[in-house]
Structures are given as C-alpha cells and as structure tokens.
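S.K.: Predicted model and sequence below, questions to follow.
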Amino acid sequence: MYEYMTGKLVYVGPLYVVLDIQGIGYQIYIANPFRFSSVLDEEVKVYIHQAVRDDNITLYGFKDAAEKQLYLKLISVSGIGPKSGLSILANGDHAGLVGAIEGEDVKYLTKFPGVGKKTASQIILDLKGKLNELLNPEDKNFALDTEETSTGNTSSFVKEAEEALKGLGYSVKEIDKIVPKLNKETYASTEEVLRAAFKLLLKK
C-alpha cells in the first residue's frame, strides 16, 4: 500500500491528476483536482489510498494526511464507496461536513451524490464524535493555499466545472439548475467556479 507519492504534476483534469514519477505517469483520482491547478508542472506530494478490486486498481489522492484519514473514515461507513467518498470531500468545507455529522443534519448530508437518508443516518451513527481531531485548527479546511494563476475565460471554467460535477455523481438536472447562476459571475479559475457550485448545490 502507498502512503504518499512525490512527483511532477503533469496533468489536471475534471476527475483526476497525473503525477510523473521517474517517467511513469500515475493517474490519481482526487476530490476537486482543480485545487492543484496552480502547481501544474511542479513537484508535489500527494497522499494516496489504493483501492484494489478484481478487475482494477485505482489510486485516490489527497492534499494531506488529515484529508486522507477523513476519506478513510467516510468509506468505512456502509453505503459509502470510493467515488461517494470523493464526492463528499470535493466541496472542501470539511468543517461544515463534520458540523453536519455532529449536529445530526441528515438533510445536509443527503445533498451529496449517492447519499440517501439511510446512508446519511449511518454516517452520523458511525462517525459522530470521531472526526474533530482531523480538522486543521488554523484554517478548518484542506484547500491548497494558492494564488489564482489560471488563464482562460469564465465560459471554459464553467464547462470544466460541469464535467467535474458530473464525474462526482451530480445529476444533469442538478447541474443545469445552477449553471445559469454560475454564468452570471466572473471567475479566475475552474476551482473558483467549483467553490461557487458547491455552495449552491449544498445550500440548505
């Protein structure tokens, strides 16, 4: 099993990044890969969870050890698979997620793709009181501290964000509902669009 990988980040897409390590490109699925856009072509350290199935081996990546541990806690819950775990982490508001679990907020949790009332209740039952130690007390989230350096236009950023949301399991209906609102604003990067999209999708 891998703990982490360090290599040159050579690709950032809607679903995954590619890390080049000594000439081998590792495809790593990440919750909101666009968090890493500003470090493209630089050496980065990505924490790894390796999922092995009969027909496939998949790598899931995280910004730090705390985010990885939060993910492992989530997928330990019955009904939460690797993809659902990424979808839950993708909005970046991990303090809000923990707060919802501690507050037994089923309605908030069911807004994530693949999470129904039964699974939301199971998350609360299994994880309440077990996640606060995973939060960073300084910034309360695991988003990369980066400056916006992307080039492009709002239209292309929104399109990339749409693809990322589809990959995370949000329905076309859910996405189409928020796109007009997203298109009314101006953004500096796809990551910024996704932040706005998650706020709309998870709005109570």
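M.R.: Sure, I can see it. Numbers count the residues shown, from 1 in each chain.
S.K.: Every contact and neighbour count from this point should use C-alpha atoms.
M.R.: Noted.
S.K.: What ranges in this structure fall below the confidence cut-off?
M.R.: Judged by pLDDT under 70, the chain has its weakly predicted residues at 135-154, 204.
S.K.: Domain parsing of it, as residue ranges.
M.R.: Taking automatic domain parsing as the reference, the chain has its domains at 4-62, 65-134, 154-201.
S.K.: Output these as CSV; include the columns mean neighbour count.
M.R.: Shown next, in CSV, are the domains of the chain (neighbours: other CA atoms under 10 Å):
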stretch, mean neighbour count
domain 4-62, 18
domain 65-134, 18
domain 154-201, 17
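S.K.: Show residues contacting the longest helix anywhere in the chain.
M.R.: Under DSSP state H, the helix in the chain containing the largest number of residues is helix 154-167. The contact list for helix 154-167, computed with CA atoms under 8 Å, 6 or more residues apart in numbering, reads 14-15, 32, 172, 175, 179, 182-183, 185-191, 193-194.
S.K.: Could you look up the SS state of the nearest residue to residue 10 once chain neighbours are set aside?
M.R.: Once flanking residues are discounted, residue 10 sits nearest to residue 41: 5.3 Å by CA to CA, 6 or more residues apart in numbering. Residue 41 falls in the coil class when you classify it by DSSP: H, G, I helix; E, B strand; the rest coil.
S.K.: Tell me if I'm right that residue 41 and residue 12 touch.
M.R.: No - with contact defined as CA atoms under 8 Å, residue 41 does not reach residue 12; the gap is 9.9 Å.
S.K.: separation between residue 40 and residue 92?
M.R.: From residue 40 across to residue 92, the span is 20 Å (CA to CA, to the nearest Å).
S.K.: same thing with residue 74?
M.R.: From residue 74 to residue 92 the distance is 14 Å (CA to CA).
S.K.: Residue 193 now?
M.R.: Counting by CA to CA - residue 193 and residue 92 are separated by 13 Å.
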